[in-house]
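Trainee: give me coordinates for this.
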Amino acid sequence: MIRNLAAGVQAFTSNTFLVVGDRTVLVDTGANFDIVPRIRRELEELPDDAAAGGDRNRSATLDAVVLTHTHPDHVGNVPEVKGAFDVETWGFDTDQPATDNRIEDEETIQLGDHDYLAVHTPGHKNDHLCFYAPGPGILFAGDLVFQNGGFGRTDLAEGDRQTLTQSIDRIHALVGDDVTEMHVGHGPSVTRNPSHDIELARQAARMGR
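Mentor: Prediction:
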């Protein structure tokens, strides 16, 4: 189960996804809204069979926070989440204050019930990661690409259009036509032919360089 806990929030925030399963993980924490009661409500309302084998307790706690990158809108709620659930954060660059533990490029990590490949995708920010589970075809794209061919800003510190384009190319080559759903840092998730949106982003990122 994947839920966007920032849905309906009007403040400046990223999306933040609760991925429930054998290892229940929050992908990004968002910012500028009270996420803790939203997490607690989701965990309390889990059905008895939400965890593998029907063991509800295995999915009724938050096990970790995984960061796509450390822009403030993605990590602003980190202190509150860590304090409330006694969890650590995982991301690419442990020199960033929000990141406790390092995820290496091409390392496999578990989110929910699936194994995801972590892919270093700089260009929007140097520590940007995407996460892809080949089995179910699920991609967490962060701020790399968005619905309808949108792509991450490159006018901020650490942004670089050529590097971003190379990162989009890498994700496109990895997921191909096998990606079935794409959860992004801003805007709606893409659950219908997300490979098309990634291809549109590849084309758009090459324009105006």
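Trainee: show me where the chain has helices.
Mentor: When secondary structure is read from DSSP state H, the chain shows helices at 36-44, 72-75, 78-85, 161-175, 194-205.
Trainee: pick the most buried one from those.
Mentor: The highest mean neighbour count among those belongs to helix 72-75 (a mean of 22), with neighbours defined as mean count of other C-beta atoms under 10 Å. For the C-beta atoms, the positions are set from N, CA and C on the backbone; glycine is no exception.
Trainee: alpha carbons of that one, as PDB, please.
Mentor: What follows is the C-alpha trace of helix 72-75 in PDB, where atoms were taken according to Å, rounded to 0.1, in the frame of the first residue of the first chain:
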ATOM      1  CA  PRO A  72      13.800  21.800   2.500                       C
ATOM      2  CA  ASP A  73      10.400  21.000   1.100                       C
ATOM      3  CA  HIS A  74      11.300  17.300   1.200                       C
ATOM      4  CA  VAL A  75      12.900  17.100   4.600                       C
END
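Trainee: pLDDT (mean, whole number) over that helix?
Mentor: In this model, helix 72-75 has an average pLDDT of 98.
Trainee: residue 150: which of the helices of the chain is closest?
Mentor: With respect to residue 150, and counting by C-beta to C-beta, the nearest of the helices of the chain is helix 194-205 at 6.6 Å.
Trainee: any idea of the angle the closest one forms with helix 161-175?
Mentor: 160 degrees (axes from the mean of the first three to the mean of the last three C-alpha atoms, to 10 degrees).
Trainee: run through the residues that contact the closest residue to residue 18 other than its chain neighbours.
Mentor: Closest residue in space to residue 18, ignoring its immediate chain neighbours: residue 3 at 4.8 Å, by C-beta to C-beta, 6 or more residues apart in numbering. Taking C-beta atoms under 8 Å, 6 or more residues apart in numbering, we find residue 3 in contact with 17, 18, 20, 42.
Trainee: of those - the most surrounded one?
Mentor: residue 17 (24 neighbours; other C-beta atoms under 10 Å).
Trainee: now that residue: how far from residue 166?
Mentor: When distances are taken as C-beta to C-beta, to the nearest Å, residue 17 and residue 166 turn out to be 25 Å apart.
Trainee: what does residue 116 give?
Mentor: Using C-beta to C-beta, one obtains 21 Å as the distance from residue 116 to residue 166.
Trainee: circling back: which one among the contacts of residue 3 gets closest to residue 193?
Mentor: Sorting those by how near they are to residue 193, with C-beta to C-beta, puts residue 17 at the top with 20.3 Å.
Trainee: bridged to the closest one, which residues?
Mentor: Listed by DSSP bridges, the beta-bridge partners for residue 17 are residue 4, residue 27.
Trainee: gap between residue 31 and residue 74?
Mentor: For residue 31, the distance to residue 74 under the criterion C-beta to C-beta works out to 7 Å.
Trainee: okay, and the common contacts of the two?
Mentor: With C-beta under 8 Å, 6+ apart, residue 31 and residue 74 have common neighbours residue 14.
Trainee: give me the number of residues near residue 155?
Mentor: The criterion is other C-beta under 10 Å. On that basis, residue 155 has 6 neighbouring residues.
Trainee: for this protein, longest strand please?
Mentor: Secondary structure assigned by DSSP state E gives strand 114-120 as the longest strand of the chain.
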